[in-house]
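Asks: Give me a model of this one.
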Amino acid sequence: VMPEYAEAHSSIALAYIHMDQPEKAEAHYQQAVELKPDDGSIQNNYAVFLCGQGKYAEAEQHFLTAVKSRRYRTPAEALENLGVCMLQVPDLEKAETYLRKALQVDSRLPGALLQMARVSAEKKRMMSARAYLQRYQEVATLGPDGLWLGIQVETELGDMAALREYKLLLRQNYSDSNEMRMLLEAEARERDEASGQQ
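Replies: Numbering: from 1, shown residues only. Coordinates of the predicted model:
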């Protein structure tokens, strides 16, 4: 591989990630960003890698470099990735800031909408969590994790019709999921508590 080709170094880095060789992957990403520091896509990919390695501060800098790159066509994606990375820290404040910025650039970004629903629920802002889940459902189909979040939100808000709908979707579409197992366990606890009170 010719060392002047940043994209080649980036591709080799991805190959090393798949071979579970993070040190070699990082070395190739470093070469790629040195050769093409204004390439937002390479910066974003390197930042995702760094976040996965737990190097959050370094990842944040590379995500922000990607966002500032004039030739990078998907800055909302880098902001969304940065928000998700900050959730792993966990730093809810930074996560919310970056996810909101991502949604300012692209208001229909599914990942950012779902993560904002999570952040809102974590901060006990259930009406906000509900609104983000509703916006998400306008652009994508909820998976088991999103349906479980919806169940938790509607349980808190006491909307039995919405709660039944989320439970039904989980049962119909994801009967083998961990979330379905958690729902069954929660329902069993509720029955035990109800019979204990009689």
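
Asks: Return the set of buried residues in the one helix or strand residue 186 maps to.
Replies: Residue 186 belongs to helix 178-197 when assigned by DSSP states H and E. For helix 178-197, the neighbour count (16 or more other C-beta atoms under 10 Å) marks 179-180, 183 as buried. Every residue, glycine included, has its C-beta placed from N, CA and C.

Asks: ditto for stretch 116-135
Replies: Going by 16+ other C-beta under 10 Å, stretch 116-135 has these buried residues: 116-121, 126, 128-130, 132-133, 135.

Asks: Off-centre distance for the helix holding residue 186?
Replies: Averaged C-alpha coordinates place helix 178-197 at 28 Å from its chain's average position (C-alpha atoms, centre = their mean, to the nearest Å).

Asks: just the helices in this structure please.
Replies: Using DSSP state H, the helices assigned to the chain run over residues 6-18, 22-35, 40-52, 56-68, 75-88, 92-105, 110-122, 126-139, 144-157, 160-173, 178-197.

Asks: Now do the first one: everything it contacts.
Replies: Counting by C-beta atoms under 8 Å, 6 or more residues apart in numbering, helix 6-18 makes contact with 1-3, 22, 24-26, 28-29, 31-33, 35-36, 39, 41-42, 45-46, 49, all of which sit outside it.
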